[in-house]
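Undergrad: what follows is a predicted protein model with its sequence.
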Amino acid sequence: MPRVKKCIDVEHVSFSYGAEKVLDDVTFSLAFGEYAGIIGPNGSGKTTLVKIITGLLEPQHGTVRLFGEHVRSFSDRHAIGYVPQRLSQMDLKFPVTVEEVVRSGRTTQQLAFGHFQKSDMQAVNEALAVTDITALRKKLMSELSGGQRQRVFIARALAGESKLLILDEPSVGIDVGSQERFYQFLRHMHRTLHMTIVIVSHDVEVIAHEVETLLCLNKTLISHGNPKSVLTRKNFQELYGKDLKVVLHGH
Amino acid sequence: MFDLFQYGFIVRAFIAGAVIAVIAPMIGTFLVVRRYSLMADTLAHVALAGVAIGLLLQKQPVLVSVLFTLIASLGIEFLRKSGKFFAESVLAVFLSGSLALAVVLISMADGFNVDLFSYLFGSITTVAKSDLAVICVLGTVVFMAILILYHKLFFIGFDEEVARVRGVNVSGLNFALVAMSAVTIALSMRVVGALLIGALMVIPVLTAMQISRSFRQTIVIAVGTSVLAVIAGIFLSYHLDIATGGTIVLTAILLFALSLVVKRRVA
């Protein structure tokens, strides 16, 4: 039977930092257009898994395929929109505008001699519009709030015409009110652009009622499925070693 | 006031100075963003050792220095990339090692100490025609390379991890940036001097950062400030008969101080 092409296909992935095993035989796949969350306690290997999926780290065992291609030889890299855990490595003391950051998302699509074309600027304008930050385009990054900066980094990913968006702890440093708006915006984007979105978070309650698929990770993949079926007392004990219960709120 | 242009060496100094004034802060902007500022000083010491080799071999010192600094810069980047050493310690080894090599070479061949002094602190009287040709050709190459790589250097400067994910050749660009820095520094020694070129790469950038409203504007203002400092520095050093390199850097510092005042007024 022919293999069905998945957006992300992780097979028997293991990874160690020296003698310390961080990921042990992790296997899962995500379909195109899926909205997924990865949860787990600190040190459970969430960020390491994301770095392996994006090709920043190479697993000692196992394989990762993106869009059906092995991640090492995956050529269509601008299809990956990645927003790392820290609010980027960007030094905010340096004057850099929102538009310049968003435009950098087009860097790999540039033609020879590094000039942006009309189509590049069109993609930038659309990304600014979708993320609702057109009015901020000439603002310096240092003048924005945490939530606005996250939107800029997502706009950068969209400008590059990403089909897969991976956000590592996107709500860190954002106040509760902005978080609500931020997740609303992601839901809207998922619905309208049909992107595959993966959010990594330690905030179980928030993520669980946002996503369609939840992966519980604690070095191994404890459970994988829709949030209601995954968030059982048994899984929680395996994840956090505590007898906790999550109440899921609907929207 | 403009009678100085009747002298060929002054015209050469102005042309060489203008080329250096444009490319030094352009490269410097990316070094500052990447927190590579110490790289400029390290490469300046390496360039000095290159000059000493050139003088010893009685070959063209500027060209020998460019080649030597280029090779050393690739070695620095290779060791930094290996991850086996702290980045700063690699720079420290190359900085002191190059200075030690320069001192040993100087002691081996008496007689070029005076000439070497001009490479340390810069001298407008020493830009030979052959130096000017090398400075103009390689300066143009560096300028064009920055224009072509501008967006990629910007991307890795502000978000190396994301750039890597998106398929940007980060290692290759780092090598290119360090190599361009090496060439710029080696070319700058005749005008500003090895010990002061780091300042010309960094101070105009800091000046621009106080008043600019974008990354691109930062580069434009930094280049403008640098050109102003170099031209004013050469004028002053000629009329007051004082050291060229030092005058240029002091002018750049004065402009930096002015930018701080302007920023405070605006705020």
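TA: Sure, I can see it. Numbering: from 1, shown residues only, chains lettered A, B, ... in the order given.
Undergrad: from here on, contacts and neighbour counts on C-alpha atoms
TA: Fine.
Undergrad: so where do the helices sit in the stretch 51-200 of chain A?
TA: For the stretch 51-200 of chain A, helices defined by DSSP state H, counting those that start in this stretch occupy the ranges A:98-103, A:118-130, A:146-159, A:176-193.
Undergrad: helices or strands up against the second one?
TA: Using 3 or more CA pairs under 8 Å, 6 or more residues apart in numbering or on different chains; DSSP states H and E, the elements in contact with helix A:118-130 are helix A:98-103, helix A:146-159.
Undergrad: average model confidence for that helix?
TA: Per-residue pLDDT over helix A:118-130 has a mean of 88.
Undergrad: the helices of the stretch 51-200 of chain A: lowest mean pLDDT?
TA: helix A:176-193 (a mean of 81).
Undergrad: got a list of contacts for that helix?
TA: A:33, A:35, A:130-131, A:147, A:171, A:195-197, A:210 (CA atoms under 8 Å, 6 or more residues apart in numbering or on different chains).
Undergrad: quick check, central residue of chain A?
TA: Centroid-nearest residue in chain A: A:Ile166, 1.6 Å away (criterion: CA atoms, centre = their mean).
Undergrad: what's the following helix or strand after the longest helix along chain B?
TA: What stands out as the longest helix in chain B, according to DSSP state H, is helix B:129-158. Note on helix B:129-158: by DSSP states H and E, the next helix or strand toward the C-terminus is helix B:160-165.
Undergrad: hmm, that following helix touching chain A?
TA: Yes. Applying CA under 8 Å from any CA of the partner chain, one finds helix B:160-165 in contact with chain A at B:160-162, B:164-165.
Undergrad: the longest helix of chain B vs chain A: in contact?
TA: Yes. Counting by CA under 8 Å from any CA, chain A has neighbours in helix B:129-158: B:147-152, B:154-155, B:158.
Undergrad: which of these are buried?
TA: Those of the residues of helix B:129-158 next to chain A that meet the buried threshold are B:149-152, B:154-155, B:158, by 16 or more other CA atoms under 10 Å in any protein chain shown.
Undergrad: now, which of those residues sits nearest A:Gly105?
TA: When these are compared for distance to A:Gly105 (CA to CA), B:Phe155 wins out at 8.2 Å.
Undergrad: wait, the closest one sits on A:Thr107?
TA: Yes. Counting by CA atoms under 8 Å, B:Phe155 touches A:Thr107, with 7.5 Å between them.
Undergrad: need the helices and strands packed on helix A:118-130 in TSV with mean neighbour count and distance to chain B, can you?
TA: Below are these laid out as TSV (neighbours: other CA atoms under 10 Å in any protein chain shown; distance: least, CA to the nearest CA, whole Å):
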stretch	mean neighbour count	distance to chain B
helix A:98-103	25	8
helix A:146-159	25	9
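Undergrad: for A:Pro59, which of those helices is the nearest?
TA: Across those, closest to A:Pro59 is helix A:146-159 (CA to CA), at 24.8 Å.
Undergrad: find the centremost residue of chain B, please.
TA: Central residue of chain B (CA atoms, centre = their mean): B:Ile185, at 3.6 Å.
Undergrad: okay but that residue is in contact with B:Leu196, surely?
TA: No. Judged on CA under 8 Å, B:Ile185 makes no contact with B:Leu196 at a distance of 9.8 Å.
Undergrad: in the chain, where is pLDDT below threshold?
TA: Unless you meant another one, I'm taking chain A. A:1-4, A:86-91, A:110-114, A:173-174, A:242-251 (pLDDT under 70).
Undergrad: try chain B instead
TA: Within chain B, the ranges that satisfy pLDDT under 70 run B:1-2, B:109-115.
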